[in-house]
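Chemist: Build me a structure from this.
(2 chains)
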Amino acid sequence: MKSLLTLTVVVGLGLASQPGQAQRVLLHAEVAEDTLYAAFGPNRTFFNHVYVGYLPVVGRAAPGAALRYGYSGELMLGLRNKFQLSEPLSLGLDLRFVRRTYALAQNARKLLPTPVVHYRESIALSEWQGEGFVRLNVGARGNVIGRYLDLTGWGGWVMSTAHRVEDRPTAGPRKVQINERGLPYLRRWTYGVGARLGTGRYAAVARYRFSDTFRPAYQGQYPELPRWTVGVELGWL
Amino acid sequence: MSCVIVEDRIYVGVDVSFALPYVFPNFYLLLSLLYSVFRFQIVWLWLLSMAGPVAWAHQPPPTRRYWVELCDKSGVEFKPAAYFHPAAQARRQRQHLPAFDFTDLPVPPAYVGQVQAHADTILLVSRWFNAVACRATATQAAALARLPAVRCITELPAPALQPAASRPSAPIPDKAIISPVDRQLARQQTRTLGADDFRRAGLDGRGLRIAIFDVGFNGADQHPAFRELFAQRKVVASYDFVRHTPNVFHGGTHGLEVLSCLAGRLPDGTLLGLAPGADYLLARTERMHREVYAEELDWLAAVEWADRNGADIINSSLGYTARRYFPEQMNGRVSLVARAAELAARKGILVVNAAGNDGDNEDWRTVGTPADADSVLAVGGVSPETGLHLDFSAYGPTADRRLKPNVAAFGTVLAAAPGGYTRIDGTSFAAPLVAGFAACAWQQQRSLPVMALFRQIEASATLYPYYDYAHGYGMPQAQVLLHAGPPAQSQKPTVHFEVQDSVVMVIIRPEATRPLVAGALPLYADSVAATQAGMPAQVAPLGQEEARPPASDTSEQPLAPEPAAGRLPAASYLYWHVADARGVLRRYEVLEVSQRVILRIPRRTLHPGDVVRVFYQGTTHSYPSR
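Modeler: Presented below is the predicted three-dimensional model:
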């Protein structure tokens, strides 16, 4: 559409319907085509982009399920779709893959998933999530994301679960690793709410999980894990 | 963690205390939070610095920028002789304008006081718009809106910050050495506009005041290109509207480069611009590598300052585009700077603005603002090799389908740069070339009203009365302007239309093939391959253009024969367009002529009322003829 300065050779006298035959066209413009305004863009009717995020787990851990904070968190990669209703108001739908890890602290009061103390231990969930959001934008702007507040509700399906244990025995091998997959005590479906405060490609995100971590049969046995994650997202615009 | 809000930015620091585990039972939770903060320190700091509206219970509420328009100017006293510089008064007299008008009256101090009492900070008081830009909280804004003196209050767009672009770290070449090719470019950039004719007529902008709004003028006061300018005290005033200081010789080198295209000289005395005799007002209104809305307020403050100090011409090689506006808003009525530029024209100031460097930006492509304003002379860029539109030069029309750019000049120039001289691309440098042209034209006809000068500059251009949205009317020509008309030989018919059943054929007359093209044209011919030698690479936005990387050895480049003024290859191209009944173009093309039957336009593609115009060798032909 925008090949305006096209140094192209238009050869052939048989193209009777095309003006300027057998001439070198140095510049060509169809004004109607060149002044079409896009419907896709950061502040247009529709926009989508990929993003990555890391949200550390925060919040008090119950006795028996202490976590190593900073190592416990959600790493995610997603596609964000935004539909603009008006300049300050948009709706959106995210689809993302989330890798959630709980790094379990090894102490004497440990219960999850067993009281046995290891050198290092974690529970990891791979999850597909969908998230709907309402975006409130602040201030007039051009075709840029601008500053915004998103109010979100999300739900997900846990694709796989894993329990990883690492030991450093004093004798024998230097390192022993055990992976257990398909953990029966973890729920498959998750849901929650969240909020996102962003500007341009950057956003601070807080999410709260309503769903329990463990299936009802195991809830008396295992203390619930922290429900809050707070972190950042980086958009690839 | 401590938090301090300074001018809507929040700076976060961390204070680690060993007593925390004892007084704060969730010490490890806090530690994890701090760990996260440190892990993403840069992102957090950036994020938090942008998160103006975050509410903190123990901090004052966040403020925003508001534009407060006031009802009237009743009761104010104004003495134009005391307020305006004599040059400003003389400009008004020359153009038969009143000594002052309503917009020149000061904003009533009582009103300013009321706004000040209900606002956090006053950013700008604008006489022209009878308005105050201020920073206020939402509560204060509501209170401001209730004031009887306030007509309306509008929130200004949020500052849209751009991360600083990284500068190339390549060693700075020795710019003091000027190659023969660059020296030729320096001569051509003014000669193609008619520098020789102006020189013979003794016109160099003397007696004119030209204001330049730019990013900064680093080192201009020390540069040899301006030795005479400063020795003759031609820079009569300067002001940095960003830092509120008279010193403008910092902030960036873009202003230095632009100034050189008006009044710079090579060491051998070769002029880089057309107005070395003019007086200059230098204003810094722009921040390098940042896009904040305050720049537009600074632009407005600068235009009022320029008016007060008697500026005849404003050269603004700046433009505001996608971070604040949409292309469909480029109609000259939306942005504050476009409206301010229109007001400047009403006060007799010619505003010359670069069209913009977004021609190859598919998301924007059109002119920025204030180049979109009707009374602003928007200048596009053409190639010094061919005289044809440069890819990066922004295209018209405006959103309301007005012609932009109005005229064009070289978009690749030799300009003064720190340490010497450099070849640089951008419409930023085409604008001052035309501003210098305007200064010479106005010097010759000092009593000309500003819009009459505007029209004369357009009418003097190479393509006039033909136009398109890439070149406007083409490059202004001193010869045409000084002698009030193009040379007689260029008015001869050069093509004729032959109407057949289904097509309109445009055929070049045999006698029109000889003066500019080697050999007579055949009736039909095959085409030849195209080359794009010498085309500039991607060009940065206005105000951020950078010098071209040095060629491996420019001294060994073949020196093309220097063409006569106005006789670039483009002089032998054929331009044609189809315009509707309102003059809005549907289609336009530039063709290299290789045969006499140059066009076959299917009649079915023409709508009722459409006009086909063909420009060839100085003459514009129309079908149907009018």
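Chemist: Please enumerate the strands of the stretch 501-626 of chain B.
Modeler: Secondary structure of the stretch 501-626 of chain B (DSSP state E, counting those that start in this stretch): strands located at B:503-508, B:574-579, B:585-592, B:597-602, B:611-616, B:619-623.
Chemist: Dump those strands to CSV, plus mean pLDDT, mean neighbour count and distance to chain A.
Modeler: C-beta: built from backbone N, CA, C; applies to glycine. Output for the strands of the stretch 501-626 of chain B, formatted as CSV (pLDDT from 0 to 100; neighbours: other Cβ atoms under 10 Å in any protein chain shown; distance: least, Cβ to the nearest Cβ, whole Å):
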stretch, mean pLDDT, mean neighbour count, distance to chain A
strand B:503-508, 93, 20, 7
strand B:574-579, 95, 22, 8
strand B:585-592, 94, 22, 4
strand B:597-602, 91, 20, 5
strand B:611-616, 95, 22, 10
strand B:619-623, 93, 18, 13
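Chemist: closest to A:L151 out of the ones you listed?
Modeler: A:L151 sits nearest to strand B:585-592 of all the strands of the stretch 501-626 of chain B, at 47.0 Å, using Cβ to Cβ.
Chemist: strands paired with the closest one, and their directions?
Modeler: When pairing is defined by DSSP bridges, strand B:585-592 lines up against strand A:24-30 (antiparallel), strand B:574-579 (antiparallel).
Chemist: Output the strands of the stretch 501-626 of chain B in a markdown table, with distance to B:V334 appended to each entry.
Modeler: Formatted as a markdown table, the strands of the stretch 501-626 of chain B follow (distance: least, Cβ to Cβ, whole Å):
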| stretch | distance to B:V334 |
| --- | --- |
| strand B:503-508 | 39 |
| strand B:574-579 | 26 |
| strand B:585-592 | 23 |
| strand B:597-602 | 36 |
| strand B:611-616 | 30 |
| strand B:619-623 | 33 |
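Chemist: Can you say which of those is nearest to B:Y320?
Modeler: strand B:585-592 (25.2 Å).
Chemist: Can I get the strands paired with strand B:585-592 in JSON lines including distance to A:L225?
Modeler: Converted to JSON lines, these look like this (distance: least, Cβ to Cβ, whole Å):
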{"stretch": "strand A:24-30", "distance to A:L225": "60"}
{"stretch": "strand B:574-579", "distance to A:L225": "70"}
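Chemist: May I have the phi/psi pair for the residue lying closest to A:W154 once chain neighbours are set aside?
Modeler: The shortest distance from A:W154 to any non-neighbouring residue, by Cβ to Cβ, 6 or more residues apart in numbering or on different chains, is to A:E131 (3.7 Å). The phi and psi torsions at A:E131 (degrees, to the nearest 10) take the values phi -140, psi 130.
Chemist: Quick check: A:E131 touching A:L93?
Modeler: Yes - between A:E131 and A:L93 there is a contact at 7.2 Å, judged by Cβ atoms under 8 Å.
Chemist: More neighbours: which of these two?
Modeler: More crowded of A:E131 and A:L93, by other Cβ atoms under 10 Å in any protein chain shown: A:E131, with 23 against 14.
Chemist: what ranges do the strands span in chain A?
Modeler: A:8-9, A:24-30, A:46-58, A:73-86, A:89-103, A:120-138, A:147-167, A:176-181, A:189-199, A:202-209, A:228-236 (DSSP state E).
Chemist: quick one, which of these is nearest to B:T139?
Modeler: Closest of the strands of chain A to B:T139 is strand A:120-138, at 16.4 Å (criterion: Cβ to Cβ).
Chemist: Hey, what's the angle from the closest one to strand A:147-167? Just curious.
Modeler: Relative orientation of strand A:120-138 and strand A:147-167, computed by axes from the mean of the first three to the mean of the last three Cα atoms, to 10 degrees: 180 degrees.
Chemist: quick one: strands adjacent to strand A:120-138?
Modeler: Strand A:120-138 has these strand partners (DSSP bridges): strand A:89-103 (antiparallel), strand A:147-167 (antiparallel).
Chemist: Output the strands of chain A in JSON lines, with distance to B:M288 and mean pLDDT appended to each entry.
Modeler: Converted to JSON lines, the strands of chain A look like this (distance: least, Cβ to Cβ, whole Å; pLDDT from 0 to 100):
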{"stretch": "strand A:8-9", "distance to B:M288": "38", "mean pLDDT": "38"}
{"stretch": "strand A:24-30", "distance to B:M288": "33", "mean pLDDT": "92"}
{"stretch": "strand A:46-58", "distance to B:M288": "28", "mean pLDDT": "97"}
{"stretch": "strand A:73-86", "distance to B:M288": "32", "mean pLDDT": "96"}
{"stretch": "strand A:89-103", "distance to B:M288": "33", "mean pLDDT": "97"}
{"stretch": "strand A:120-138", "distance to B:M288": "26", "mean pLDDT": "96"}
{"stretch": "strand A:147-167", "distance to B:M288": "23", "mean pLDDT": "97"}
{"stretch": "strand A:176-181", "distance to B:M288": "53", "mean pLDDT": "96"}
{"stretch": "strand A:189-199", "distance to B:M288": "21", "mean pLDDT": "97"}
{"stretch": "strand A:202-209", "distance to B:M288": "22", "mean pLDDT": "98"}
{"stretch": "strand A:228-236", "distance to B:M288": "25", "mean pLDDT": "96"}
